Each structure stands twice: as structure tokens, then as C-alpha cells.
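K.L.:
for reference, the sequence and a predicted model appear below.
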Amino acid sequence: MGIVHRDIKPENVLIDREQNNCLKIIDFGTSVAKGGSELLTTTHGTSYYIAPEVLKKQYNEKCDVWSVGVILYILLSGKPPFDGKND
């Protein structure tokens, strides 16, 4: 839909049980409307879920797919895919 959320994480995903367990994304405070093939250059996100290309400051809407992948990994394994002493 032309929106890059830039901070998809479990805290920003809700399940609406009244609408057949529909998933809803919330907190669009860091989101931006993106058109065409332009790359975004501002770093936003939460450490565990941020895509590498966001840290390189050349990314597009696919950075949100990375964040969803990290969430799925955590749901399946019970731990984050990357672990370190600092961000």
C-alpha cells in the first residue's frame, strides 16, 4: 500500500478476536509513505528487528519483511536469531 512501517515488532502486532483473529499492525509513528524505486536513508527501528539495509541507510519497504521474519523465528524457536552483548 506504499507504506513502510519501519518498526514491526511483537508489541506492534495485535490479534482482533472479534474479527476472526485478524492481525492488525499498530504504531505508525515511524512509518513513511514511499513511492517508486527511491531508497530511504533514515535509520528507524528496534535493534532485534531492524534489517541490515536499514543500518546501511539504503533500504525500501522490504525492511518490514525482515522484521516479520525475525518475529516468526522467535515464535518458532523461543529466542531471537541474533544475540550479542550490545545492540
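P.N.:
Right, received. Where do you want to start?

K.L.:
ok, longest helix in the chain?
P.N.:
Using DSSP state H, we find that the single longest helix of the chain is helix 63-77.

K.L.:
in it, which residues are buried?
P.N.:
63-64, 66-67, 70-71, 74 (16 or more other CB atoms under 10 Å). Heads up, the C-betas are built off the backbone N, CA and C, glycines and all.

K.L.:
which residues touch Tyr73?
P.N.:
80-81 (CB atoms under 8 Å, 6 or more residues apart in numbering).

K.L.:
cool, Asn12 as well?
P.N.:
Shown in contact with Asn12 (CB under 8 Å, 6+ apart): 5, 25-27.

K.L.:
and these, which two are the farthest apart?
P.N.:
His5 and Ile26 (9.7 Å; CB to CB).

K.L.:
between the two, which one's more packed in?
P.N.:
His5 (22 against 10; other CB atoms under 10 Å).

K.L.:
model confidence for the more buried one, exactly?
P.N.:
pLDDT, His5: 97.

K.L.:
show me what contacts it?
P.N.:
His5 makes contact with 12, 25, 28, 30-31, 64, 67, according to CB under 8 Å, 6+ apart.
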